[in-house]
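Engineer: I'd like to go over a predicted model; first the sequence, then the structure.
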Amino acid sequence: MRKVVVTGMGVISPIGNSVEEFCTGIKTGKSGVGPITLFDTKDFDVTIAAEIKNFDPNQWIDRKDSRKMARFCQFGVAAATQALLDADLLHEPNEEGQRRIKSDPLRTGVVMGNGMGGFDVVGESYKKLFESGPRRILPLTIPMMIPNIAAGNISMVFGTRGPAYTQVTACAAGTDALGQALDLIRSNRCDVIISGGTEADITPFAVGGFQMLKALSSKRCSEPEKASRPFDADRDGFVLGEGSGVLILESEDHAKARGARILAELMGYGSSADAYHITAPDPEGTGCANAVRAALADAGIKPEDIQYYNAHGTSTEINDPTETRMLKISLGDHARKIKISSTKSMTGHCIAGGGGLEAIACILAIRDGFYPPTINLENPDPECDLDYVPQKAQQGDINIAMSGSLGFGGHNGMVILKKYN
């Protein structure tokens, strides 16, 4: 079976718009949460989110093209550009200013995760519909809002002609995208895949909808940097985030043949369904435990081989103890020996964007020898009694890490990453 390796990474996140800024943010426990600036929150109970700061799409995307993209696509293309440059897989711009991939276009694919599509475009077009009638709707509303268009735009911008897919499994979509990309390369359908997740849902409609679900943190709007507090007894919901994490995946032989710098191995993937509830995970943790077992089997390793787990860790009442139970079920006694953390304590919950960002966090932890912290973990929930690396990053050698994502609808995805030797 072909080995699959990571040769490039790109990040647009609430704590930094490059891989190294993101890494520094994680190491220092930086919070990306603050007051919402993207719209007026005077009628909302929830007034905080983890927004992207200082993002100029034209730094990464042709101005004419970026105007045809919803915010989530702009994030995805920007992160993909970074990742391709990091992997040394882009030619210099041609006469039209386009940057095409160096790999065989027919053997290069795109698999992205997205949960909600272009909510910013939907909101703007609904406003025009209600205020001025259907003839004022933005002409490109439909192609800009559909979730698959992030993969489509990446393919068009860089000229890839292999498979171009989008996983839409809510909060698990970014992780599931990496798993599908892994299978496409292993099966020899592709040599290179641009993969990860992207999301931009800090809009009145999305915040209002999550607010009505009672899913968002509302008690700490006056101190936003403390609002996302996974595994803490005082947590009261997740903080909505946005962003994109993109990885370049290659077969090991393709990467070696072109002399690529290899960052890590993507060695396993597992998925499962809870078949339980449309928003809540199975509280017993058995559903996501099945995904862990599947990922371990796919990687050909034992629970004892895992040193670090980047948790879904949303800071909600049900998720955090459920994930704790899941680790005890799937890893047994070893669950008490590994380090666990939720980088969502810093980035907020970036929905589909989280899977890519959190896989990158694992690779950075492996690369630099540290365990990312769970900030704001001041008063641990008695039900959450494992080692969640509270408050500050810790040094430690990591050979194998696992990243997990759980989505509305009962979707569970796990990926396993290994230091490349």
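Structural biologist: Happy to help now that I have it.

Engineer: quick one, domains of the protein?
Structural biologist: Per automatic domain parsing, the domain ranges recorded for the chain read 4-264, 268-415.

Engineer: okay, those in TSV with mean pLDDT next?
Structural biologist: What follows is these, written out as TSV (pLDDT from 0 to 100):
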stretch	mean pLDDT
domain 4-264	96
domain 268-415	97
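
Engineer: mind putting these into a markdown table with mean neighbour count and distance to Asn421?
Structural biologist: In this view, the C-beta of every residue, glycine as well, is placed from N, C-alpha and C. Formatted as a markdown table, the domains of the chain follow (neighbours: other C-beta atoms under 10 Å; distance: least, C-beta to C-beta, whole Å):
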| stretch | mean neighbour count | distance to Asn421 |
| --- | --- | --- |
| domain 4-264 | 21 | 10 |
| domain 268-415 | 22 | 9 |
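
Engineer: which residue, other than its chain neighbours, is closest to the residue positioned nearest the centre of the chain?
Structural biologist: For the chain, the residue lying nearest the average C-alpha position, counting by C-alpha atoms, centre = their mean, turns out to be Gly354 (2.2 Å). Once flanking residues are discounted, Gly354 sits nearest to Gly174: 5.9 Å by C-beta to C-beta, 6 or more residues apart in numbering.

Engineer: residues contacting that neighbour?
Structural biologist: 113, 167, 196-198, 245, 352-359, 405 (C-beta atoms under 8 Å, 6 or more residues apart in numbering).

Engineer: does the residue nearest to the centre of the chain count as helix, strand or coil?
Structural biologist: Put simply, Gly354 is helix when judged by DSSP: H, G, I helix; E, B strand; the rest coil.

Engineer: and what of the one 5 residues further on?
Structural biologist: Reducing the assignment to helix, strand or coil with three-state DSSP, the entry for Ala359 is helix.

Engineer: what about the closest residue to it other than its chain neighbours, helix or strand, and which?
Structural biologist: Nearest residue to Ala359, sequence neighbours excluded (C-beta to C-beta, 6+ apart): Ser403, at 5.1 Å. For Ser403, the element it lies in under DSSP states H and E is strand 400-407.

Engineer: now find how far off-centre that strand is within its chain.
Structural biologist: Relative to the chain's own centre, strand 400-407 is displaced by 10 Å; criterion: C-alpha atoms, centre = their mean, to the nearest Å.

Engineer: and the strands in the protein?
Structural biologist: Secondary structure of the chain by DSSP state E: the strands cover 4-12, 34-35, 48-49, 108-113, 164-167, 192-199, 243-251, 264-273, 308-310, 339-341, 370-371, 394-395, 400-407, 411-418.

Engineer: gap between the residue lying closest to Gln211 once chain neighbours are set aside and Phe231?
Structural biologist: For Gln211, ignoring the flanking residues on the chain, the nearest one in space by C-beta to C-beta, 6+ apart is Val46 at 4.9 Å. Separation of Val46 from Phe231 (C-beta to C-beta, to the nearest Å): 21 Å.

Engineer: can you pull out the helices in this structure?
Structural biologist: Assignment of helices within the chain using DSSP state H yields the ranges 19-28, 63-66, 71-86, 119-132, 141-145, 149-158, 173-186, 204-212, 252-257, 286-299, 319-331, 344-347, 353-368.
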